[in-house]
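K.L.:
following is a predicted model, sequence given first.
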Amino acid sequence: MSRRTGSADLPLHGGRVPAWLGQRMTRLGAVMCQAIVIEYGRAELLRRLAHPFWFQCFGAVMGMDWHSSGITTSVIGALKRGLAPLSGELGLHVCGGRGRHSRATPAELLAVGERTGIDGAALARTSRLVAKVDSAAVQDGFDLYLHGFIVADDGRWVVVQQGMHGARKQARRYHWLSEGLESFVDAPHAAIDGPGQGRIINLADRRAAASREAQVGLLRELGPARLAREFGRIAPAAPRAAPTGATADLFAGAQDAAAAMQPHLALPGHHDVRADDVVLRRLHGNLAAAAACGPSDFAELLQVPGVGARTVRALALVAEVLHGAPCRFTDPARFSLAHGGKDRHPFPVPTKVFDRTLDVLKTAVGQARLGQEETLAAIRRLDAQARRLEATARGPSLDALLDEERMQSHRYGGRSVFGWEPAPAAADGPARRDAR
């Protein structure tokens with residue numbers, strides 16, 4: 001039986017991803033997926049995409065707004081573009097998307113079936129049923145507008161859907177995973193992300209089995225016409241208020257211990273990255289690992305023009321997304337410190353650093369495909385070193401780190417939706433090539 005892995009509150013943000021960032025997200029997402037498949041296999045990549053915490057950090061390290069609902073749309077779009085040319089090699093296919101693209105999912109799955117030999121018609125039925133469960137069986141006030149379906153050549157799949165509540169300016173993301181799925185209407189979700197909205201009707205909860213059976217029984221006994229007449233005679237009951245500061249669950253009395261222990265990722269409404277949003281000991285571990293491992297494990301790499309300490313620091317955060325355990329992804333804001341954000345939060349996207357990170361990962365993946373895994377192994381050691389150092393590492397405050405990053409942004413090719421980042425008025429001297 002698949003399990004619900006957690007929940008998250010997602011502010012609903014508008015806007016578009018600029019082409020210069022979207023193209024980089026496409027390339028970085030593809031090469032990171034390649035690295036994960038090489039290291040851990042396709043099934044592990046699907047499991048990670050079904051984990052709401054990891055998914056959010058994956059989008060943040062790609063330069064997307066670290067806390068907003070826009071990560072869902074941009075990550076699914078980037079993977080669809082980036083993995084399409086690699087579908088034959090990786091055996092992974094990304095279908096669907098936002099709006100009209102979501103409605104094209106069944107046809108795309110049929111086409112995948114024709115190319116690969118898996119049952120495309122069954123996958124198309126699955127796509128429709130998953131969407132129906134989250135739009136009808138789970139009545140939580142969020143209207144679905146995005147449906148991403150990632151399927152492997154062996155028939156395993158993951159679905160990421162998102163709904164919006166325009167009046168509340170909030171979004172809810174739903175994760176499904178085929179692994180261990182026994183029923184589409186009995187606790188099927190790998191996870192449901194979103195803000196608590198008071199009482200909801202969740203007929204896909206295993207505790208609602210009696211309700212589902214009773215509804216089918218009424219329909220059989222009375223028929224649809226009589227059932228509609230009887231329903232019309234019932235006076236509408238006064239709505240019951242939800243407890244203040246909590247989500248009222250219609251099945252709260254039957255909560256089991258496992259559900260009570262599930263993590264909850266509460267993403268704030270503020271756009272800027274604050275100290276409370278980051279686990280500083282982990283950040284200091286990342287920084288210390290970059291400083292300690294850079295000169296040794298990346299000796300040859302650091303001799304390449306344009307690759308320097310700042311790139312290794314970004315790689316330390318990328319390495320954690322590639323290799324970190326699920327418990328390490330409770331603070332997605334930290335991963336935005338790799339490549340910034342398009343709206344200048346926490347700082348403008350350092351395009352030169354972003355491109356160097358891409359070069360390193362592409363080289364590592366290319367070498368690994370030829371049996372030369374030294375660079376991928378060095379990146380793995382970078383993550384391991386960060387975990388060892390975080391217990392004792394000390395470093396600058398978050399504010400000091402962000403101030404320095406913004407001061408140097410023009411040297412790193414800082415760019416946002418507002419344009420290229422200018423040099424500070426007091427800055428002078430040539431750009432330091434070894435800083436990137």
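P.N.:
In hand now; what should we look at? Residues are numbered from 1 along each chain as shown.

K.L.:
could you point out the helix or strand that follows the helix or strand containing Ala35?
P.N.:
Assigned by DSSP states H and E, Ala35 belongs to helix 19-40. Where DSSP H and E defines the elements, the next helix or strand beyond helix 19-40 is helix 42-49.

K.L.:
what's the spacing between that next one and its chain's center?
P.N.:
Between the centre of helix 42-49 and the centre of its chain there are 12 Å (C-alpha atoms, centre = their mean, to the nearest Å).

K.L.:
mind checking the pLDDT average for that helix?
P.N.:
Averaged over helix 42-49, pLDDT sits at 95.

K.L.:
can you dump the C-alpha atoms of it in PDB for me?
P.N.:
The C-alpha coordinates for helix 42-49 follow below in PDB (Å, rounded to 0.1, in the frame of the first residue of the first chain):
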ATOM      1  CA  ARG A  42      15.100   4.800 -12.400                       C
ATOM      2  CA  ALA A  43      12.900   3.600  -9.600                       C
ATOM      3  CA  GLU A  44      14.700   5.800  -7.100                       C
ATOM      4  CA  LEU A  45      14.200   8.900  -9.300                       C
ATOM      5  CA  LEU A  46      10.500   8.200  -9.300                       C
ATOM      6  CA  ARG A  47      10.400   7.800  -5.500                       C
ATOM      7  CA  ARG A  48      12.100  11.100  -5.100                       C
ATOM      8  CA  LEU A  49       9.700  12.900  -7.500                       C
END
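
K.L.:
give me the helices and strands touching that helix, please.
P.N.:
Contact analysis of helix 42-49 by 3 or more C-beta pairs under 8 Å, 6 or more residues apart in numbering; DSSP states H and E lists helix 19-40, helix 52-61, strand 143-152, strand 157-165, strand 170-177 as its packing neighbours. Where C-beta positions appear, they are placed from N, C-alpha and C, glycine not excepted.

K.L.:
that helix vs strand 143-152, what angle?
P.N.:
160 degrees (axes from the mean of the first three to the mean of the last three C-alpha atoms, to 10 degrees).

K.L.:
what comes up buried for helix 42-49?
P.N.:
By neighbour count with 16 or more other C-beta atoms under 10 Å, helix 42-49 contains the buried residues 42, 45-49.

K.L.:
show me the contacts for the residue nearest to Gly77 when sequence neighbours are not counted.
P.N.:
Leaving aside its sequence neighbours, Gly77 sits nearest to Gly97 (C-beta to C-beta, 6 or more residues apart in numbering; 6.1 Å). Shown in contact with Gly97 (C-beta atoms under 8 Å, 6 or more residues apart in numbering): 73, 76-77, 80, 104, 146-148.

K.L.:
my guess is Arg387 contacts His284. True?
P.N.:
No. Applying C-beta atoms under 8 Å, one finds Arg387 not in contact with His284, separated by 11.9 Å.

K.L.:
the more surrounded of these two?
P.N.:
Just comparing Arg387 and His284: by other C-beta atoms under 10 Å the higher neighbour count belongs to His284, 20 against 17.

K.L.:
now stretch 77-90: mean pLDDT?
P.N.:
97.

K.L.:
just the buried residues of it, please?
P.N.:
For stretch 77-90, by 16+ other C-beta under 10 Å, it's 77-83, 90.

K.L.:
quick one: end-to-end distance for it.
P.N.:
Across stretch 77-90, the terminal residues are separated by 18 Å (C-alpha to C-alpha, to the nearest Å).

K.L.:
need the residues that contact that stretch.
P.N.:
If you take C-beta under 8 Å, 6+ apart as the criterion, stretch 77-90 is touched by 17, 22, 25-30, 33-34, 37, 42, 62, 92-95, 97-98, 148, 150.

K.L.:
and Leu49, what is it in contact with?
P.N.:
55, 150, 158, 160, 175 are the contacts of Leu49 under C-beta under 8 Å, 6+ apart.

K.L.:
of the residues you listed, closest to Val318?
P.N.:
Nearest to Val318, judged by C-beta to C-beta, of the contacts of Leu49 is Phe55 at 15.4 Å.

K.L.:
residues contacting the closest one?
P.N.:
The neighbourhood of Phe55, defined by C-beta under 8 Å, 6+ apart, consists of 48-49, 71-72, 75, 160, 173, 175.

K.L.:
try it again at 7 Å.
P.N.:
Phe55 makes contact with 49, 75, according to C-beta atoms under 7 Å, 6 or more residues apart in numbering.

K.L.:
element containing Ala364, please.
P.N.:
helix 351-369.

K.L.:
how does the chain divide into domains?
P.N.:
As given by automatic domain parsing, the domain ranges for the chain are 7-199, 204-234, 277-435.

K.L.:
how much space separates Asp383 from Thr105?
P.N.:
For Asp383, the distance to Thr105 equals 34 Å [C-beta to C-beta, to the nearest Å].
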